[in-house]
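Novice: Structure for the following, please:
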Amino acid sequence: MQLNYRSTLMGKGILASCLLLLCVLLSQAQSSTSASANKQISAVRTTKKLTIDGVLNDSAWLAAPVATNFVEFRPAFGNVEDPKNKTEIYFLYDDDAIYIGGFCHEPSADSISKELVGRDVIGVNDFVGVLFDTYKDKINGFGYYITPLGEQYDAKYTNNGEDGSWNSVYESKANIVANGWTFEMRIPYSAIRFSSKKIQDWGINITRNRKKSGKQYFWYPVNPNLGGTLFSQAGLWTNIVNIKPPLRLSLSPYLATYANHDGTTNSKTWGTTINGGVDVKYGISAAFTLDMTLIPDFGQVQSDNQVLNLSPFEVKFNENRTFFTEGTELFSKGNLFYSRRIGGQPLHYWDVQGNLASNEHIVSNPSAPKLINATKISGRTASGLGIGVLNAVSNTQYATIEDNMGKLRTQETSPLTNYNIIVLDQTLKNNSSVSLINSNTLRAGSDYDANVTAGIWDLYDKKNKWNFFGQAAVSQLLGILPDGGNQIGYSHNLGFAKPSGRFNFNIYQELTDNKYDQNDLGYATNNNFLNHGVWMGYKWLKPTKWYNRMNFNFNLNYSRRYLPSSYQMFEVNSNINGQFKNLWNGGIYVSYTAAQNDFYEPRVDGRVFKIPTKHLIDVWINSNYTKKYSAGLELAYYATPQFGSSGIDISPNQSFRFNKKLTISMNSNIQLRYNNVGFATIDAGNTIIGSRTRYSVENIWVFKYNFNNKMGLNLRARHYWSRVNYQQFYNLQDDGSIVATAKDYSSKANYNINFFNVDMVYTWQFALGSFLNIGWKNSIETNDSTLEKDYFKNLKSTLASDQLNNFSVKVIYFLDCAKLKKKPTV
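Specialist: Prediction:
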């Protein structure tokens with residue numbers, strides 16, 4: 001009762017604080033103004049030709065303004081760049097593109113950290129990045145990076161942070177010289193979005209990272225003690241005159257061929273397929289772009305990290321399909337979009353087994369329907385309104401079933417389905433924003449449809465010292481009730497934070513009722529909760545004799561079931577982490593969880609499993625990763641004393657860089673659980689809990705060899721093994737306690753699971769934006785409790801098992817229609 005009373009007071013206190021801050025923010029009636037930037041670069045137009053070779057010897061550079069006098073961002077903010085490491089960045093533009101040249105001075109070439117890692121990866125490389133805020137809203141922008149070996153990294157920025165999956169096509173070259181490295185970049189206007197105003201000023205900043213020294217610099221000083229976005233502290237590129245967005249139409253047709261060998265079937269034959277399609281990128285206007293993939297092919301994406309899931313919740317996998325990772329920052333707002341739902345597991349996948357007759361068996365039950373097409377439109381107007389629309393269609397999917405007489409029939413597992421999400425995001429003054437999001441899933445036939453609508457706000461005061469944020473959402477499952485009615489649910493979260501300064505805090509409330517469901521196009525483990533929490537942090541950013549920076553934080557979380565109202569969980573945790581003077585980093589984390597009521601582990605509605613007090617301590621250390629050999633180690637210890645449960649996690653990692661081309665790395669995670677207590681099975685409607693020993697081992701090996709900055713080979717192998725052995729079983733009582741039973745359910749509950757995957761890809765960028773990819777994928781999955789208990793013998797047995805092999809060749813050719821249009825006719 002005392003906890004419930006305090007929770008009520010906390011909720012009222014949060015709401016009162018939030019309402020007070022909102023009134024203060026809304027009372028600011030003056031027009032939006034930007035703080036005057038005290039660092040500017042004048043835009044200079046050139047009519048001379050520049051050759052992008054990384055050598056600053058074109059005469060056009062003599063007229064270019066230079067950005068210099070960089071200021072240290074970390075580890076010691078405010079220090080002026082040492083003259084022997086001076087950075088000089090030059091800017092020009094013409095009717096077609098922006099030109100950027102740079103000279104990064106170093107005492108010698110040995111001071112430069114360099115490694116060939118491939119596009120869109122930084123690794124241990126030094127780099128220079130140029131950041132443009134083209135609409136000068138201090139929130140959204142674009143970044144273009146280059147390393148000393150000429151490899152590219154580009155990113156898009158919003159108030160959600162950096163989206164490194166965004167890709168553009170631009171030219172760049174770099175050269176290492178005796179006293180540093182030089183570079184040139186040409187960014188065509190087709191690779192960036194901006195307004196159609198005749199005279200424009202853009203927000204701009206430039207960053208340089210010197211990895212061996214652990215130092216990062218910005219041209220316009222970025223104070224880490226101030227809140228806000230990256231562009232809230234930026235200079236100006238002024239007086240850009242009469243630049244016009246070009247025809248932004250590019251086509252990337254592809255042709256892919258696959259050879260598949262399925263060693264898990266009786267026939268064990270080879271099969272071949274040929275796929276073709278096209279990716280289209282079209283600039284609808286100066287600000288908006290349409291991306292479309294027609295007959296998409298995702299056969300070469302990295303395999304999922306599959307695991308043995310003993311929890312009551314779905315495993316959330318990473319998205320590896322480029323179309324759904326690139327330029328999707330608008331759709332990630334509100335955490336309502338989980339792109340793996342598109343083309344994901346069929347709605348009635350698990351119904352097939354239950355619908356079999358006694359004389360039938362499943363011939364095939366595909367785990368994913370075919371994606372027909374996917375389209376997205378995104379952009380931002382000059383007034384700061386961001387608009388995003390994503391639409392995708394997946395085809396009808398069927399399972400094939402055969403009876404003992406050889407007669408085949410099909411069963412629909414997924415109807416023709418349309419997925420859609422729309423986002424409106426309006427930027428406001430003081431780095432604030434408000435958003436409206438709607439996600440919709442429409443299914444052909446009698447299956448239910450789904451709709452979720454949410455409003456989001458993120459409001460700051462003038463100095464970015466205080467932040468009021470929140471979200472309110474309504475979900476609708478249309479036609480899901482037995483009488484054909486709709487299920488309507490509600491969810492919200494509210495928060496009040498201090499993001500600026502060395503001391504920060506965040507107070508929040510989260511409420512989701514028992515009917516809210518966003519899982520048709522989003523991801524959530526459960527609904528029906530009322531949570532309150534406090535996060536507090538303090539940071540030391542001024543280097544001392546033994547550290548460069550340190551961070552300390554403290555968290556408190558209290559959770560109740562919403563309906564019927566009941567206590568769920570109370571947790572308090574804290575950690576301290578930082579970087580040391582030798583560029584190593586480490587930390588320690590401790591957690592205490594009070595006795596809790598788990599309403600999900602029983603897997604039966606209306607039941608509860610009472611879990612006693614738990615403790616956790618976690619420590620980690622990582623060496624300087626810019627060295628040829630780097631390593632790290634994380635150790636964690638878990639304990640639930642009343643159950644006699646304990647656990648140890650051991651997570652070592654290491655990497656050896658033989659030279660700038662070849663790197664081999666290994667990451668491991670070993671989990672040992674003793675007397676671990678949890679769900680085992682269901683017997684006659686009653687939940688059976690078990691005490692078990694569980695060993696899980698994951699090893700990931702990565703072999704990377706880059707021939708040059710356009711060509712590389714990457715091989716990733718992963719083995720995951722998990723063995724679960726139950727020693728004792730219990731009947732779950734109505735009050736949440738457990739009572740031992742003599743029955744043995746081991747045959748239903750024990751596991752010995754192996755997943756082994758190899759993903760190898762050779763990539764050659766043979767022309768600007770055009771690639772040849774040659775891939776090999778290998779997959780083994782076993783579930784046999786008779787396999788060896790010893791890890792290495794178990795691995796040997798797994799590798800000797802039947803497996804799937806897939807070989808593929810894919811060619812993608814980039815066609816810039818603006819360039820084709822300019823070609824002279826013969």
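
Novice: After the strand or helix carrying residue 402, heading C-terminal, what element do we hit next?
Specialist: Secondary structure assignment for residue 402, by DSSP states H and E: strand 397-403. Remark: after strand 397-403, the chain's next helix or strand is strand 408-414, criterion DSSP H and E.

Novice: What strands flank the next helix or strand after that next one, and is each parallel or antiparallel?
Specialist: Using DSSP H and E, the helix or strand that follows strand 408-414 in sequence is strand 417-427. Here strand 417-427 has these sheet partners by DSSP bridges: strand 385-394 (antiparallel), strand 433-443 (antiparallel).

Novice: who touches strand 417-427?
Specialist: 137, 139-140, 159, 330-331, 333, 336-337, 341-342, 369, 380, 384-394, 433-444, 521 (C-beta atoms under 8 Å, 6 or more residues apart in numbering). All C-beta atoms are positioned from the backbone trio N, CA, C, and that covers glycine.

Novice: just stretch 807-821 next, same as before
Specialist: Contacts with stretch 807-821, where a contact means C-beta under 8 Å, 6+ apart, come from 169, 188, 190, 246-260, 279, 297, 299-300, 767-777.

Novice: now stretch 579-591
Specialist: Applying C-beta under 8 Å, 6+ apart, the set of residues contacting stretch 579-591 is 75, 214, 543, 545-549, 571-578, 614-624, 626.

Novice: now stretch 724-736
Specialist: So stretch 724-736 is in contact with 308, 310, 597, 602, 607-610, 675, 680, 686-694, 738-741, 743-746, 749-752, going by C-beta under 8 Å, 6+ apart.

Novice: Drop anything exposed from the residues you listed.
Specialist: Listed as buried from the contacts of stretch 724-736 are 308, 310, 597, 602, 607-609, 680, 687-692, 694, 738, 741, 745-746, 749, 751-752; burial here means 16 or more other C-beta atoms under 10 Å.

Novice: Can you pull out the low-pLDDT segments for the chain?
Specialist: The model of the chain has pLDDT under 70 over residues 1-37, 265-268, 785-788, 821-826.

Novice: which residue is nearest the centroid of it?
Specialist: residue 318 (7.2 Å; C-alpha atoms, centre = their mean).

Novice: distance of it from residue 563?
Specialist: 33 Å (C-beta to C-beta, to the nearest Å).

Novice: Next: residue 476.
Specialist: Distance from residue 476 to residue 563, by C-beta to C-beta: 19 Å.

Novice: And the two? Which one has more around it.
Specialist: Neighbour totals were compared for residue 476 and residue 563, and residue 476 leads with 20 against 12 (other C-beta atoms under 10 Å).

Novice: Give me the three-state assignment for that one.
Specialist: Three-state assignment for residue 476 (DSSP: H, G, I helix; E, B strand; the rest coil): strand.

Novice: what's it in contact with, if anything?
Specialist: 450, 451, 452, 486, 487, 488, 489.

Novice: what about the nearest residue to residue 291 once chain neighbours are set aside, which helix or strand?
Specialist: In space, and not counting its chain neighbours, residue 291 is closest to residue 376: 4.9 Å by C-beta to C-beta, 6 or more residues apart in numbering. When elements are assigned from DSSP H and E, residue 376 belongs to strand 371-380.

Novice: So which bits of that strand are buried?
Specialist: For strand 371-380, a neighbour-count test (16+ other C-beta under 10 Å) marks 371, 372, 374, 375, 376, 377, 378, 379, 380 as buried.

Novice: which other helices and strands contact it?
Specialist: When contacts are defined as 3 or more C-beta pairs under 8 Å, 6 or more residues apart in numbering; DSSP states H and E, strand 371-380 packs onto strand 288-294, strand 385-394.

Novice: Surely residue 42 and residue 65 touch.
Specialist: Yes - contact criterion C-beta atoms under 8 Å: residue 42 and residue 65 qualify, at 5.4 Å.

Novice: More neighbours: which of these two?
Specialist: The neighbour comparison of residue 42 against residue 65 (other C-beta under 10 Å) goes to residue 65, with 14 against 11.

Novice: now that one: how far from residue 184?
Specialist: Distance from residue 65 to residue 184, by C-beta to C-beta: 16 Å.

Novice: Got the phi and psi for the nearest residue to residue 50 once chain neighbours are set aside?
Specialist: In space, and not counting its chain neighbours, residue 50 is closest to residue 58: 4.9 Å by C-beta to C-beta, 6+ apart. Phi and psi for residue 58, reported as degrees, to the nearest 10, are phi -70, psi 140.

Novice: What sits closest to residue 56 if chain neighbours are left out?
Specialist: Going by C-beta to C-beta, 6+ apart, residue 56 has residue 101 as its nearest residue, at 5.0 Å.

Novice: And the strands in the stretch 451-600 of the chain, which stretches?
Specialist: Using DSSP state E, counting those that start in this stretch, the strands of the stretch 451-600 of the chain run over residues 467-478, 487-498, 503-512, 529-540, 547-561, 566-580, 585-593, 596-598.

Novice: Give me the sheet partners of the fifth one and which way each runs.
Specialist: Meaning strand 547-561. Partners of strand 547-561 in its sheet, by DSSP bridges: strand 529-540 (antiparallel), strand 566-580 (antiparallel).

Novice: Next: the first one.
Specialist: With DSSP bridges as the test, strand 467-478 is paired with strand 449-460 (antiparallel), strand 487-498 (antiparallel).
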